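Trainee: give me coordinates for this.
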Amino acid sequence: GAAAGGALRGSAMAIFSVYVVNKAGGLIYQLDHYAPRTESEKTFAFPLDLVLRPHDERVLVAFGQRDGIRVGHAVLAVNGLEVNGRFTADGRDVLEYLSQAAHFPVALRFGRPRLSSNEKLMLASMFHSLFAIGSQLSPEPGSSGIETLETDTFKLHCYQTLTGIKFMVLADPRQAGIESLLRKIYEIYSDFALKNPFYSLEMPIRCELFDQHLKLALEVAEKAGPFGPGL
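Mentor: From the prediction side, this is the model:
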């Protein structure tokens, strides 16, 4: 059933996100496809037995780990109200709210801080520079640049076209068929962005057909691995 499928996906393979970077290092498209759920919600009594501190416009756990809550996790919701930066959806300052005994008991949801748009732009630009350094370090001319970066939790795959556009996919290290997926994304970009009369080269891609076909390609890749003919 659906629950079994969801559980399977959590333990099996997944494609986490897609980035498209122009030849100047600007992020022109980004899609978060699947984020592993590492969120914990607990009800706390006053005083809070975790030390929270503001950092980069977020409220993070600075000290104290318990029940899946870790140092570096951010407050994502207070009593079910989503938190945006350091404020709840109804505009209350999170740290100020949690300093008052009258607001307890309180339900807090913690999880890994989500990347902001600015952080995504910065990461794209940093990878672009790293890619250029990788090409320069090559003992042979005409290096392909960085094709994969691997960690224990994800693998970054990069495909650079002849025109200098980079397509990047972040996936589970065990996910197969990413090379053919990258070429499929390039095909979708050529068909639905480049051939769109309203699209300007090097500019952010805002095209519904590109979105739809990309999402479909990611789902097919997760289920099947490599692409067969006609997909």
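Trainee: where along this protein do the helices fall?
Mentor: 2-11, 94-98, 117-137, 178-189, 208-224 (DSSP state H).
Trainee: pick the most buried one from these.
Mentor: helix 178-189 (a mean of 19; mean count of other CB atoms under 10 Å). Where C-beta positions appear, they are placed from N, C-alpha and C, glycine not excepted.
Trainee: most distant residue from the middle of the protein?
Mentor: Ala102 (36.9 Å; CA atoms, centre = their mean).
Trainee: where in this protein is pLDDT low?
Mentor: 1-13, 35-37, 225-231 (pLDDT under 70).
Trainee: hang on, the earlier thing: make CSV from the helices of the chain and add distance to Ser17 to it.
Mentor: CSV is the format used below for the helices of the chain (distance: least, CB to CB, whole Å):
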stretch, distance to Ser17
helix 2-11, 15
helix 94-98, 27
helix 117-137, 9
helix 178-189, 12
helix 208-224, 10
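Trainee: to Glu150, which of these lies closest?
Mentor: helix 178-189 (11.7 Å; CB to CB).
Trainee: who touches that closest one?
Mentor: 15, 18, 20, 155, 157-159, 161, 165, 167, 169, 171, 205, 210, 213-214, 217-218, 221, 226-227, 231 (CB atoms under 8 Å, 6 or more residues apart in numbering).
Trainee: among those residues, which ones are in strands?
Mentor: Among the contacts of helix 178-189, the ones falling in strands (DSSP state E) are 15, 18, 20, 155, 157-159, 167, 169, 171.
Trainee: of the residues you listed, closest to Gly80?
Mentor: Using CB to CB, the ones in strands among the contacts of helix 178-189 come closest to Gly80 at Ile15, 29.8 Å.
Trainee: ok, and the closest non-adjacent residue to Leu123?
Mentor: Leu115 (7.4 Å; CB to CB, 6 or more residues apart in numbering).
Trainee: any idea how far the one you found is from Leu121?
Mentor: According to CB to CB, to the nearest Å, Leu115 and Leu121 sit 10 Å apart.
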